[in-house]
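J.: structure of the sequence below:
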Amino acid sequence: MKVDVTFDSAAFSVDAVKMACYRFLDRFTSDIELREGRIVCHLDFGDKLAGPSPDAHVESFKKEVLDQDLRLKLKAETEPIRNLILAHAFSKTGLIADE
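T.: This is a model prediction of the structure:
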């Protein structure tokens, strides 16, 4: 069975979709296509469909894409703070020579 799932590329990143596809490799294979401001995922369940219906897997996949997209945004927003904390932590170890 094959299902197409479409995301607006203004709302979701391709990287988030790729990360979600990777997490679902045990349930379906996917091809990602960029088309006119849209990210189209061609999901192929093949012989891997077990347990819940394809609709349930698609709903879980959509939730995972949202989760991954928010994780990427949060990572980008907090990167300067994380870098500052790491720089401060390593400055106390003697690994970085004082100038």
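
J.: so which bits of the longest helix seen in the chain are buried?
T.: Using DSSP state H to define each element, the chain has its longest helix at helix 54-91. Neighbour-count burial for helix 54-91, counted by 16 or more other CB atoms under 10 Å, picks out 57, 58, 61, 64, 65, 68, 69. Just so you know, the C-beta spots here come from the backbone N, C-alpha and C atoms, and that holds for glycine as well.

J.: these two touch, right, residue 62 and residue 11?
T.: No - using CB atoms under 8 Å as the test, residue 62 is too far from residue 11 to be in contact (11.9 Å).

J.: pLDDT on the longest helix of the chain, on average?
T.: Taken as a whole, helix 54-91 has a mean pLDDT of 93.

J.: kindly report the same for stretch 19-36.
T.: On average, stretch 19-36 scores 95.

J.: show me which positions of that stretch end up buried.
T.: 19, 20, 21, 24, 27, 28, 30.

J.: what's the closest of those residues to residue 7?
T.: Comparing these against residue 7 with CB to CB picks out residue 20 as the nearest, at 9.7 Å.

J.: so which helix or strand takes in the closest one?
T.: Residue 20 belongs to helix 14-23 when assigned by DSSP states H and E.

J.: same for that helix, what does it pack against?
T.: In this structure, helix 14-23 packs against strand 29-35, strand 38-44, helix 54-91, with contacts taken as 3 or more CB pairs under 8 Å, 6 or more residues apart in numbering; DSSP states H and E.

J.: quick one: which of these is nearest residue 2?
T.: Of all these, strand 38-44 comes closest under CB to CB, at 5.0 Å.

J.: how about that closest one: buried residues?
T.: Neighbour-count burial for strand 38-44, counted by 16+ other CB under 10 Å, picks out 39, 40, 41, 43.

J.: tell me the one of those residues nearest residue 84?
T.: Checking the buried residues of strand 38-44 against residue 84 by CB to CB gives residue 39 as the nearest, at 33.4 Å.

J.: wait, what's in contact with the closest one?
T.: 6, 7, 8, 9, 12, 14, 17, 32, 33 (CB atoms under 8 Å, 6 or more residues apart in numbering).
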